[in-house]
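1. Need a 3D model of the sequence below.
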Amino acid sequence: MVTGYAITWYISLTTNSGLWLALATVSTLLPQVLISLFGGAWADRYSRKWLIMGADGAIALLTLGLAILWSSGLRSLWWLLLFAALRSIGQGIQQPAVSSAYPQLVPENELTRINGLNQTLMSLSTLLSPLLGGLILANFNLYWALMIDVITAVIELLCMTKIKLQPVSVIANSALKNERVLIAGLKYLFNNLALRRLFTINGLAYLLMTPATVLSLLLIQRQFGASVTNLTLQEIIWAGGSIISGLIVAKQKQFKNNAHVLALSVGGFAIAMMLMGSMPNLALYLVTMFLAGWCTPFMMTTQAVIIQTTAEPDFMGRTFAANQMISNLMLLLGSLTLGPLADSVPLVLIFTVCGVLLFSVAIWYLRVSK
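-> Numbering: from 1, shown residues only. Alright, predicted model coming up:
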């Protein structure tokens, strides 16, 4: 995450361009969209442990290669975009395997608690990463941010060697071709009403959350000043809200209705986004970022638990992969349209309109999930 923040901020601070942010987002998301369904099929067919280790090991090697290029003086923004694209392929293989592994390690009645704990740890990483990324960019250079990714990957791989995951026996049949596995998975998802509705709200939410997740970098630069300090404060406040609410989620053994919690958290995020664009000073803007961060663990946890308790074990990897693909595709579409638009249309208008539409989506999902 330190590396991701450092790269994004380097591009943002160097260009101050919505188009370049859109290009960076495309490089980060498009390869995941293209590979994720295959990654999900592999997660249902092969060893999830070795998929995770192989993908993360490859990402670490790519990061090391970029660090060597950067230290040798080849410091082009296009190298960063290429690296982001290659890294995205590895994440598209790794993430379905990670998400589908949880039900193999955790009893169903503990999934909410463990997913909440996971979101808390992710939020803590989000809190520390911009601090480290900001310190590195301000005092050193991008090379050291890249090397942190390599070192932490080595630690992760050593941890993964100690985790035991049994292969999924039904899909482990090597006679099945990947194409047949993919088609069977898509048919299963289309015929499951609860998953169809979940994918609908997730897809629309990721599309309409683009201003907060991508364009907030431009918003804080244009309204409050382009500095590493302001960018760092934004991420710290967002992460602080996520950590507090993540701990609250982790204390819950189960939610009575995960779909309702998901709808309410999406609605809360929409309200925060409507307020973001019109805040008169940095302090009030950061309050809205705290609210958005507060809603995020509720959204992420309930999404994961709905899939983990609804999808059959044999389809778990493909279900998570399809959800990831739809979410990334919508975020990509939002970045391609709203990123360039932000160079000609006031950001306040973009944030407000998308917030109103997102709130409407939350109301729809709350009604259909009753």
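
2. Can you tell me the element Pro320 falls in?
-> Just so we're on the same page, residue 320 is Phe rather than Pro. In this assignment (DSSP states H and E), Phe320 forms part of helix 316-341.

3. Determine the set of other helices and strands touching that helix.
-> Packed against helix 316-341, as judged by 3 or more CB pairs under 8 Å, 6 or more residues apart in numbering; DSSP states H and E, are the following elements: helix 18-43, helix 77-105, helix 178-190, helix 193-208, helix 210, helix 282-310, helix 347-368. The C-beta positions use only the backbone N, C-alpha and C, and glycine is treated the same way.

4. where are the low-confidence patches of the stretch 151-300 of the chain?
-> By pLDDT under 70, the low-scoring segments of the stretch 151-300 of the chain are 167-182, 184-185, 226, 228, 253.

5. If we use 90, what do you get?
-> Regions of the stretch 151-300 of the chain meeting the criterion pLDDT under 90 cover residues 151-153, 160-196, 199, 206, 210-258, 276-283, 285, 293, 296-297, 300.

6. Can you tell me the closest non-neighbouring residue to Ser129?
-> The spatial neighbour of Ser129 that comes closest, neighbours along the chain excluded (CB to CB, 6 or more residues apart in numbering), is Met1 at 3.8 Å.

7. winner for burial among the helices and strands packed on helix 316-341?
-> A comparison of the helices and strands packed on helix 316-341 by mean neighbour count, using mean count of other CB atoms under 10 Å, puts helix 210 on top with a mean of 26.

8. Counting neighbours, which bits of the very next helix or strand once past it end up buried?
-> Sequence-wise, the next helix or strand beyond helix 210 is helix 216-224, with elements assigned using DSSP H and E. Judged by neighbour count (16 or more other CB atoms under 10 Å), helix 216-224 contains these buried residues: Ser216, Leu217, Leu218, Leu219, Ile220, Gln221, Gln223, Phe224.

9. contacting residues around stretch 200-212?
-> Applying CB atoms under 8 Å, 6 or more residues apart in numbering, the contact partners of stretch 200-212 are 219, 262-263, 266, 269-270, 272-273, 276-277, 292, 299, 303, 323, 326-331, 333-335, 338, 347, 350-351, 354-355, 357-358, 361-362, 364-365.

10. The same query, at a cut-off of 6 Å, please.
-> When contacts are defined by CB atoms under 6 Å, 6 or more residues apart in numbering, stretch 200-212 is touched by residues 266, 273, 292, 326-327, 330-331, 334-335, 338, 350-351, 354, 357-358, 361, 365.

11. same deal with stretch 314-324?
-> By CB under 6 Å, 6+ apart, the residues outside stretch 314-324 that reach it are 36-37, 39-41, 43-44, 95-96, 99-100, 170-171, 185, 188-189, 307, 311.

12. at 8 Å what do you get?
-> Under the criterion CB under 8 Å, 6+ apart, residues 32, 36-45, 48, 92, 95-97, 99-100, 103, 168, 170-171, 181-182, 185-186, 188-189, 195, 198-199, 202, 303, 307-308, 311 lie in contact with stretch 314-324.

13. List the contacts of Val266.
-> Applying CB under 8 Å, 6+ apart to Val266 gives the contacts Ile201, Ala205, Cys295, Met299, Leu358, Val361, Ala362, Tyr365.

14. how close does it sit to Phe255?
-> Using CB to CB, to the nearest Å, Val266 is found at 14 Å from Phe255.

15. again with Val154
-> As defined by CB to CB, Val154 lies at a distance of 37 Å from Phe255.

16. Looking at those two, which has the bigger crowd around it?
-> Set side by side, Val154 and Phe255 show more neighbours around Phe255, with 18 against 11, by other CB atoms under 10 Å.

17. rewinding a little: so the residue nearest to Ser129 is in contact with Leu127, correct?
-> No - shown here, Met1 and Leu127 do not form a contact pair, counting by CB atoms under 8 Å, at 10.0 Å.

18. Name the nearest residue to Val361, sequence neighbours excluded.
-> Excluding its sequence neighbours, the residue lying closest to Val361 (CB to CB, 6+ apart) is Leu204, at 4.7 Å.

19. Gly4 too?
-> The shortest distance from Gly4 to any residue other than its chain neighbours is 7.6 Å, reached at Ser129 (CB to CB, 6+ apart).

20. Provide the secondary structure category for Thr14.
-> Recorded secondary structure, Thr14: helix (DSSP: H, G, I helix; E, B strand; the rest coil).

21. these two touch, right, it and Leu77?
-> Yes - counting by CB under 8 Å, Thr14 sits close enough to Leu77 to count as a contact (6.9 Å).

22. Would you mind pointing out the helix or strand Leu233 falls in?
-> Assigned by DSSP H and E, Leu233 belongs to helix 228-251.

23. Who are the packing partners of that helix?
-> Based on contacts counted as 3+ CB pairs under 8 Å, 6+ apart, the elements that helix 228-251 packs against are helix 2-15, helix 111-139, helix 216-224, helix 282-310.

24. Alright, that wraps it up for me.
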